[in-house]
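**Q** model the structure of this input:
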Amino acid sequence: MFTSVLMIEKALTSADVEFVTTLHGEEEVAFRVLLQPRGEQADRLLRAIDDVALGELDEAVREGETPEGQEALSVGQRALEVSLTALRASGSPAEGRLIEDHPLDALKSLVEEADADEVIVLTDPHYVEEFFHRDWASRARHKVGVPVLKLFSHSKA
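**A** Now for the predicted structure:
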């Protein structure tokens, strides 16, 4: 069985589930999911810049309404549960957890613990972080020791 560590920032949509579960054709894939709830104030600025870059000015203005910190944890837990349920319903074994601090350290540990074959980072575009190679996928490629695939989710957070 192929093992993929799936790093996400929000609940998977049905299109996301279909996308990741069919990447390897007929081969059975087990998923280990890491979900990091939204970060703190600095992340809010980067998200607003991304929204402006995408021409989504209304979204940039609403960044202040997005749950942060402790409030984001409960939202994150629900998103994780929805994602795990959807992956299991598609026939893939799946387990997961929230990560709060040091996401790349948690990712590296999980890759080693699960003896994972790959990492899939599934997020919305983050143009500022990507430009400076500070996004999860770019940073993970130098840390985890397995192939890292970067995919964009099928709906905006």
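**Q** so where do the strands sit in this structure?
**A** 2-8, 29-35, 94-98, 118-123, 148-152 (DSSP state E).
**Q** can I get the CA coordinates of the first one in PDB?
**A** Which is strand 2-8. This file holds the C-alpha atoms of strand 2-8, laid out as PDB (Å, rounded to 0.1, in the frame of the first residue of the first chain):
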ATOM      1  CA  PHE A   2       1.200   3.500  -0.900                       C
ATOM      2  CA  THR A   3       1.300   6.000   2.000                       C
ATOM      3  CA  SER A   4       0.700   9.700   1.300                       C
ATOM      4  CA  VAL A   5       1.000  12.400   3.900                       C
ATOM      5  CA  LEU A   6      -1.500  15.100   3.000                       C
ATOM      6  CA  MET A   7      -0.900  18.600   4.400                       C
ATOM      7  CA  ILE A   8      -4.000  20.800   4.200                       C
END
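**Q** ok, and what's touching that strand?
**A** Residues from elsewhere that reach strand 2-8, judged by Cβ atoms under 8 Å, 6 or more residues apart in numbering: 20, 24, 27-36, 79, 83, 96, 103, 107, 110-111, 114-123, 136, 140, 153. C-beta coordinates here come from the backbone N, C-alpha and C atoms, glycine included.
**Q** taking strand 148-152 as reference, get the angle to that strand.
**A** Inter-element angle recorded for strand 2-8 and strand 148-152: 50 degrees (by axes from the mean of the first three to the mean of the last three Cα atoms, to 10 degrees).
**Q** re earlier: adding distance to Asp16 and mean pLDDT, write the strands of the chain out as JSON lines.
**A** Below are the strands of the chain laid out as JSON lines (distance: least, Cβ to Cβ, whole Å; pLDDT from 0 to 100):
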{"stretch": "strand 2-8", "distance to Asp16": "8", "mean pLDDT": "95"}
{"stretch": "strand 29-35", "distance to Asp16": "11", "mean pLDDT": "96"}
{"stretch": "strand 94-98", "distance to Asp16": "13", "mean pLDDT": "96"}
{"stretch": "strand 118-123", "distance to Asp16": "6", "mean pLDDT": "91"}
{"stretch": "strand 148-152", "distance to Asp16": "8", "mean pLDDT": "85"}
